[in-house]
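**Q** following is a predicted model, sequence given first.
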Amino acid sequence: MTLSPAAQAILDRCARDDAPGVSWQWESMAAEAVLRHGGPADAEALLPLFLSAPVAHDALVPVLARHGDRRLAARLLEATVEGGRLRDDVPSVVLQAVGRLGYAPAVPLLWEHVDGSHYVSRDACLGLLHLPCEELRSEIGEALEKYEGAALFPEFLPVLAPKTEDPAWLDRLVAWGEDHASVDCNGGLILGISLHGDRGRAAFTRLLWKDRWEACGTSTGSALWTYAGTRVLGIGLPQLYADLRARLRADADPDVQWDALQSFITLLRLRCADVWTGVAAAEAHAENLDALYSVLFSPTPDDGDTLTELADRVFGSGDPLSDEVRHLEDTLRAAAVHEWSFRAVTSR
C-alpha cells in the first residue's frame, strides 16, 4: 500500500543526515494529517520511527492507534514493556493505543497501571474502555466503590463503570458528580455517564448545562470529555444549538445566559479543531460541516438569530467571546470548504 504524503514527509525529514532535529510542532502537524487521511501502511511505516525515540515522536501514537491493528499492538508492547510495566522512557498514551487496537492480551498490563499517576491512569482506563474486561468485572466494581463519593480520585476510573454490567452505576456516577466530586476530577464521570448509552442520555444532557459540573470547563480539562460524550451519544451541535436557544429564551438571567452560551462555544471550538479524544465510540457521529455552518450562521428568517448575533446580544459586540465567535465562523466556513474539496478529490 502507498504511504500518505504526510507520512512520507515525516520519514524523509527524519532520515536526512544533514537536517536539524525535526521540531515536535512540525511533526505533530504532519501526524494530524496522517491521522485524518492516512491508513494502515502509514502506521506500519511510522512504528519503527516511534520506537527509535518514543518521547520525541509521541505525536505519532494516535496514528498508530487509529490505523494500526492487533499485530502492530503486539509489536508495540513487546518493544515498550519491561517487567510487566511500561518503560519510563515511553509515553503512557501507548497504553491507550494498544487498548484501542483491541489487543486483549494487554488487559492485565493496563489494569496494573490504573492506579498510576494521572496520565498513566487516564491512558490505562481509556485503553481498557476498548477491551473485554469480563475477568476484571468484580475488581472494577471494588475499585469504584473504594473511591465512590470522594472529591479526588483516579479521574478516569468511572469510564469503566459500564464494564461491571451493574446498571446501578449510572445513578451512582451522577450522584457522585452532583454531591461530591471536585470539578478538577470529573471528566471521567462525565464520559462514564455517556458510555451508558441511551440510559445515560437524559442525565448527560442535564449535567452538560449545570453549573455544578462545569462540564465545559477548559481549565479543568472536562470540556474535552464532555465533547467526547456528546459524540458517543450522537448529540450533535445543531441539537445543542436548539437547546441553547430555548434556554436563552426561558431564562433571562444574564449569568445563566453567559454560562450557557460560553459552554456551547467551547464545544463548537473543539468540533472546529476536530480534536482527537482517543475514544473510538466518539468518532461515529460527526456533523457535516457545511450543514452545521448553515444552522449556526445562515439560518432562515424563521430560525431567529445567528450565533454571531446571539453572542453580540449576550456578551456585547466588543467582548472577546463575541470576537471568538466571528473567528469560529471563519474557521468553520474554511473547514466546510476543505470538506467539499476533499470529497471532490477522493471521488475522482
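**A** Ah, there it is. Residues are numbered from 1 along each chain as shown.
**Q** residues contacting the residue nearest to residue 281 when sequence neighbours are not counted?
**A** Distances taken as C-beta to C-beta, 6 or more residues apart in numbering put residue 232 closest to residue 281, at 4.7 Å, once the chain neighbours are dropped. Where C-beta positions appear, they are placed from N, C-alpha and C, glycine not excepted. Contact analysis of residue 232 by C-beta atoms under 8 Å, 6 or more residues apart in numbering lists 191, 194-195, 279, 281-282, 284-285.
**Q** can you flag the buried ones in the residues you listed?
**A** Buried subset of the contacts of residue 232 (neighbour count, 16 or more other C-beta atoms under 10 Å): 191, 194-195, 279, 281-282.
**Q** mind putting the residues you listed into JSON lines with pLDDT, secondary structure and distance to residue 33?
**A** Putting the buried ones among the contacts of residue 232 into JSON lines (pLDDT from 0 to 100; DSSP: H, G, I helix; E, B strand; the rest coil; distance: C-beta to C-beta, whole Å) gives the following:
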{"residue": "191", "pLDDT": "98", "secondary structure": "helix", "distance to residue 33": "27"}
{"residue": "194", "pLDDT": "98", "secondary structure": "helix", "distance to residue 33": "28"}
{"residue": "195", "pLDDT": "97", "secondary structure": "coil", "distance to residue 33": "29"}
{"residue": "279", "pLDDT": "96", "secondary structure": "coil", "distance to residue 33": "21"}
{"residue": "281", "pLDDT": "94", "secondary structure": "helix", "distance to residue 33": "24"}
{"residue": "282", "pLDDT": "94", "secondary structure": "helix", "distance to residue 33": "20"}
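**Q** for the chain, which residues score under the pLDDT cut-off?
**A** Scanning the chain for pLDDT under 70 picks out 1, 17-21, 285, 300-303, 345-348.
**Q** hey, which helix is longest across it?
**A** Selection of the longest helix in the chain by residue count, based on DSSP state H, yields helix 320-346.
**Q** in stretch 5-19, what counts as buried?
**A** 6-7, 9-10, 13-14.
**Q** sorry, back to before: and which of the buried ones among the contacts of residue 232 is nearest residue 271?
**A** Nearest to residue 271 out of these is residue 282 (C-beta to C-beta; 11.5 Å).
**Q** residues in contact with that closest one?
**A** Here residue 282 is in contact with 227-229, 231-232 (criterion: C-beta under 8 Å, 6+ apart).
**Q** so how far is residue 76 from it?
**A** Applying C-beta to C-beta, to the nearest Å, the value for residue 282 to residue 76 is 22 Å.
**Q** for the residue nearest to residue 148 when sequence neighbours are not counted, what are its contacts?
**A** Excluding the flanking residues, the one nearest residue 148 by C-beta to C-beta, 6+ apart is residue 176, at 6.0 Å. By C-beta under 8 Å, 6+ apart, the contact set of residue 176 is 148-149, 158, 189.
**Q** in which helix or strand does residue 176 reside?
**A** Residue 176 belongs to helix 169-179 when assigned by DSSP states H and E.
**Q** distance from the chain centre to that helix, please.
**A** When distances are taken as C-alpha atoms, centre = their mean, to the nearest Å, helix 169-179 is centred 22 Å away from the chain's centroid.
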